[in-house]
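In: 3D, please:
(one chain, ligands or ions: 1)
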Amino acid sequence: MARTALVTGGTRGIGAAISVQLKNAGYTVVANFAGNEEKAKAFSDETGIAVVKFDVGDYDSCVDGIAKAEELAGAPIDVLVNNAGITRDGMFHKMTPEQWNDVIRVDLTSLFNMTRPLIEGMRERGFGRVINISSINGQKGQMGQVNYSAAKAGVIGFTKALAQETARKGITINCIAPGYINTEMVAAVPEKVLASIIGGIPVNRLGEADEIAKAVVYLAGDDAGFMTGSVMTINGGQYMA
Ligand code: NDP
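Out: Have a look, this model is predicted:
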C-alpha cells in the first residue's frame, strides 16, 4: 500500500509543490490549508489531491484535522510535512504582541500541535518521517523579522531534539531551511528590496518551490533513513551555515 503524507499549508506556494511532488512519487497525499477555500478547491480540482481545512496553530483543530486527513487517506499518516507558515513583519520596537504571538503560534507551536498527535502512531508502527520547513532567516536572523526568525530558529531546535528521541523507532525528523523562493510570500516584498535580496544570492535568482519539494521527497523516502536531526540548507549560497 502507498505511504501516506500530510502537508500543512499544502495548497499554495512551496506546500503545493511539496504535495504534488509527493503525489508524483507515489504517496497518498492530503493537503491542509487555513482559509483560502478558492485556492484550495482549485488546487484539489487540478491535482486530485484531497484537502482539509484547519488551523495548525490550534491543538484541538489539529487533532480533528489529522483524523479527517487519515480518513481521507484511508490509513495513518506516515509522512508529516510541517510547512504552513506566516509572516507579520515589523521592526521590534514597533512590534505588537499580536504580531509576535501569531507568528510563534502558526510557525512554531504548530509543530507541537501536528507532530504530538501523530508521533505515538509512528512509534507503534516503527516508521515515520517528519519534515519541517524552517528558513534562512531562522539561521542568520533578519531585521524586521524578530518574530519569524525566532520561530524558524525554534523549528531547528525542535528538529534536533525530537530526532534524538525518535531515532531508534525508525522515525526521522529533519528540516529544510529555504532561502528566498519564488512564491506569493516573497512577491509581497517591495520590488527594490527584492532586487537587493537577489543581488545578495550568489546563484543570482530566487529559488523555485520544486527545488524544495524534491528535497522533501528525498527526506521522506527509505534512502534517507540515516539522515536525521539535520538542517538542509537550500538558499542559492546566500548563507552557508
Ligand atoms: P504561502 O503564503 O505561499 O502559503 C502558505 C500556506 O500555509 C497556505 O496554504 C496557507 O493556507 C497555509 N497556512 C497559513 N496559516 C495557516 C494556518 N494557521 N493553518 C493552516 N495552514 C496555514 O507560503 P510559502 O509557500 O511562501 O511558505 C511555505 C513555508 O516555507 C512557510 O513555513 C515559510 O515560512 C517557509 N519559507 C518560505 C520562503 C519563501 O521564500 N517563500 C523562504 C523560507 C521559508 P491558505 O491558503 O488557506 O491561506
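In: Mean pLDDT per helix and strand in this structure: which one sits at the bottom?
Out: None of the helices or strands of the chain scores lower by mean pLDDT, DSSP states H and E than helix 184-187, at a mean of 80.
In: mind checking how far that one is from the chain centre?
Out: Put simply, helix 184-187 sits 16 Å off its chain's centre (C-alpha atoms, centre = their mean, to the nearest Å).
In: And the contacts of the next helix or strand after that helix?
Out: Proceeding N to C from helix 184-187, the next assigned helix or strand is helix 191-199, under DSSP states H and E. The set of residues external to helix 191-199 that reach it, using C-beta atoms under 8 Å, 6 or more residues apart in numbering, is 180, 186, 189, 204, 205, 206. Where C-beta positions appear, they are placed from N, C-alpha and C, glycine not excepted.
In: next one: stretch 142-150
Out: Applying C-beta under 8 Å, 6+ apart, the contact partners of stretch 142-150 are 87-92, 95, 99-100, 102-104, 107-108, 135, 137-138, 141.
In: and if you look at stretch 87-99?
Out: 100, 102, 103, 143, 144, 145, 146, 147, 148, 185.
In: Now the buried members of the contacts of helix 191-199.
Out: Listed as buried from these are 180, 206; burial here means 16 or more other C-beta atoms under 10 Å.
In: Looking at the contacts of helix 191-199, spot the one nearest residue 12.
Out: The closest of these to residue 12 turns out to be residue 186 (C-beta to C-beta; 12.6 Å).
In: Quick check: bridge partners of the closest residue to residue 23 other than its chain neighbours?
Out: Spatial nearest neighbour of residue 23, excluding adjacent residues (C-beta to C-beta, 6 or more residues apart in numbering): residue 29 at 4.8 Å. Applying DSSP bridges to residue 29 gives these bridge partners: residue 5.
In: Next up, the contacts around residue 29.
Out: Counted by C-beta under 8 Å, 6+ apart, residue 29 has contacts 4, 5, 6, 7, 10, 19, 22, 23, 49, 50, 73.
In: I'd like to know which of these are part of strands.
Out: Counting by DSSP state E, the contacts of residue 29 place 4, 5, 6, 7, 50 in strands.
In: Report the buried residues of the helix ranked longest in the chain.
Out: If you go by DSSP state H, the chain has its longest helix at helix 146-166. Using 16+ other C-beta under 10 Å as the test for burial, helix 146-166 gives 146-156, 158-159, 162-163, 166.
In: follow-up on the earlier one: and the contacts of stretch 87-99, which is closest to residue 174?
Out: Among those, and counting by C-beta to C-beta, the member closest to residue 174 is residue 148, at 20.4 Å.
In: What distance do you get for the closest one to residue 205?
Out: Using C-beta to C-beta, to the nearest Å, we find residue 148 at a distance of 22 Å from residue 205.
In: what's the answer for residue 169, then?
Out: For residue 169, the distance to residue 205 (C-beta to C-beta) stands at 40 Å.
In: Likewise for residue 228?
Out: Separation of residue 228 from residue 205 (C-beta to C-beta): 31 Å.
In: and this structure, which of its residues are near the ligand?
Out: Of all the residues in the chain, those in contact range of the ligand (C-beta under 6 Å from any ligand atom) are 8-9, 11-15, 32-36, 39, 55-57, 83-86, 106, 133, 135, 178, 180-181, 183-186.
In: Can I have the buried ones of these as a ChimeraX selection?
Out: For the buried members of these, the matching ChimeraX selection, counting by 16+ other C-beta under 10 Å, is:
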select :8,9,11,12,13,14,15,32,33,34,39,55,56,57,83,84,85,86,106,133,135,178,180,181,183
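In: Give me the subset of the residues of the chain next to the ligand that lies in strands.
Out: Here DSSP E is the test, and these give 32, 33, 133, 178 as lying in strands.
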